[in-house]
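Trainee: Test case, fold it:
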Amino acid sequence: MNRLREAWRRAVTAELCWTNPDGSAAAIAVTPVLRGSDPASATVCAALPYARAGEVEGLRAAPAAVFAVTDSRSLPDDTESGTRVSGPGGAASGIAAAGGVRIVDDVDGELFTEELLDQELVKYPPSRTLADSVLLRRENWWWLPRIVVELTGPVPAAGHPGEKPLPARTDPTRHALLVTTAPSGAESQRVPELRGAPELRSVDLGADSARSGAAASDVMGVRELAGEPLPAASAGALAFGYDYTMPDLERWEAWSLAGTVERERLAVETRTGSPGEDLTTLGLLARTRRHRALAKACRTGLRAAQRRLQPAP
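Mentor: Numbering: from 1, shown residues only. Below you'll find the model as predicted:
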């Protein structure tokens, strides 16, 4: 089986990266799911609730994207002949594959419910409190409509310019994916279906990133986990990471640092979230507020999608 497809099947979390129309890099964390009954040919995809519609607005105009699994907690410890590459110390390495994307607005939730929901219930426990029974699905109907993002065409195989092994990110407080615009001369950009796809590297932002307030620094060191020199990125570089509570995934917090890279230094211009954030268990009141906010955001995003898709009179 293709390495990305197998990693996508086994992973609990994954990453989806692309280049926005303005040239900036973008990345989000997703629950990896497969569409199709045949594991050898199933479509690699992600199914996002409409509360996240704003996060993927730029993806709708992207000609290609990169689907990746790099979090060490989602990578196998065992060796499967032909399915994985070992990193330092024998640990499983991550995998990234680029290709064209297709976005399906599943505004009625039928595609998600019939083909993808069972996988999400296994991988993302919070979904069980919203859709683990017919009664829950009726009550939380707004959770079922999804933005389904699919990797189109054949999944890149080993040796293809669209596939790339990446060192696993083992420390969520300092390890990140560095997403940059691929240079015009890159091998991947000579393949029509890969043009516009960003380049990914697993990097270490150093111990300072995990200390309180350090992420607000304008400049910080960045080192590729593979030990190779980092190429300069004059604009559009994004360091993206996340952490989550195990095994319930009740808290799943992402962070990013955007700016420029030169001589293994990241000059930060904008930031969201915070590396090393304390993922404490939510109290009853906080859970209730989060549930209400999620429901409202899903309904708002769904209404906007329905208006966009409604044929003009």
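Trainee: Going by C-alpha atoms from here, please, whenever you check contacts or count neighbours.
Mentor: Will do.
Trainee: Which positions in the lengthiest helix in the chain come out as buried?
Mentor: Using DSSP state H, we find that the single longest helix of the chain is helix 284-309. Within helix 284-309, the residues scored as buried using 16 or more other Cα atoms under 10 Å are 294-295, 297-299, 301-302, 305.
Trainee: Likewise for stretch 149-159?
Mentor: 149-152, 155-157.
Trainee: which outside residues touch it?
Mentor: With contact meaning Cα atoms under 8 Å, 6 or more residues apart in numbering, stretch 149-159 is reached by 2-5, 43-47, 67, 97-104, 162-164.
Trainee: pLDDT (mean, whole number) over that stretch?
Mentor: Average pLDDT, stretch 149-159: 78.
Trainee: Likewise for stretch 116-133?
Mentor: On average, stretch 116-133 scores 98.
Trainee: can you check stretch 15-23 too?
Mentor: Rounded mean pLDDT across stretch 15-23 is 94.
Trainee: And for stretch 170-190?
Mentor: pLDDT averaged over stretch 170-190 gives 79.
Trainee: Wasn't Thr129 part of a strand?
Mentor: No - counting by DSSP: H, G, I helix; E, B strand; the rest coil, one finds Thr129 to be helix, located in no strand.
Trainee: need the contact list for it.
Mentor: Per Cα under 8 Å, 6+ apart, neighbours of Thr129: Leu136.
Trainee: likewise the one 4 residues further on?
Mentor: When the contact criterion is Cα under 8 Å, 6+ apart, Ser133 has no partners at all.
Trainee: Quick check: the gap between it and Glu115.
Mentor: 15 Å (Cα to Cα, to the nearest Å).
Trainee: Looking at the contacts of stretch 149-159, which are in strands?
Mentor: When DSSP state E defines the strands, the subset of the contacts of stretch 149-159 inside them is 43-47, 67, 97-99, 101-104, 163-164.
Trainee: Filter these down to the buried ones, ChimeraX style.
Mentor: Here is the ChimeraX command that picks out the buried ones among the ones in strands among the contacts of stretch 149-159, judged by 16+ other Cα under 10 Å:
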select :43,44,45,46,47,67,97,98,99,101,102,103,163,164
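Trainee: where along the stretch 51-200 of the chain do the helices fall?
Mentor: Taking DSSP state H, counting those that start in this stretch to define them, one finds helices in the stretch 51-200 of the chain at 110-111, 117-123, 128-131, 134-139.
Trainee: Could you double-check that Pro172 sits in contact with Glu277?
Mentor: No - checked against Cα atoms under 8 Å, the pair Pro172 and Glu277 is beyond contact range at 9.8 Å.
Trainee: still on that earlier bit, out of the ones in strands among the contacts of stretch 149-159, flag the one nearest to Thr31.
Mentor: Comparing the ones in strands among the contacts of stretch 149-159 against Thr31 with Cα to Cα places Ala46 closest, at 6.3 Å.
Trainee: Please identify the helix or strand for the nearest residue to Thr180 once chain neighbours are set aside.
Mentor: Distances taken as Cα to Cα, 6 or more residues apart in numbering place Ala237 nearest to Thr180, at 4.7 Å, with adjacent residues excluded. Secondary structure from DSSP states H and E places Ala237 in strand 233-244.
Trainee: tell me the angle the following helix or strand past that strand makes with strand 233-244.
Mentor: Remark: after strand 233-244, the chain's next helix or strand is strand 252-262, criterion DSSP H and E. Between the axes of strand 252-262 and strand 233-244, defined by axes from the mean of the first three to the mean of the last three Cα atoms, to 10 degrees, the angle is 160 degrees.
Trainee: looking just at contacts, which helices and strands does strand 252-262 meet?
Mentor: strand 233-244, strand 265-272 (3 or more Cα pairs under 8 Å, 6 or more residues apart in numbering; DSSP states H and E).
Trainee: For that strand, list the C-alpha coordinates in CSV.
Mentor: Provided in CSV are the C-alpha atoms of strand 252-262 (Å, rounded to 0.1, in the frame of the first residue of the first chain):
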residue,chain,number,x,y,z
TRP,A,252,-6.1,20.2,20.6
GLU,A,253,-4.3,23.5,20.3
ALA,A,254,-2.4,24.7,17.3
TRP,A,255,0.2,27.5,17.1
SER,A,256,2.1,29.2,14.3
LEU,A,257,4.8,31.7,13.6
ALA,A,258,4.9,33.4,10.3
GLY,A,259,7.8,35.5,8.8
THR,A,260,11.0,35.0,6.9
VAL,A,261,13.9,32.6,7.3
GLU,A,262,17.6,33.4,6.7
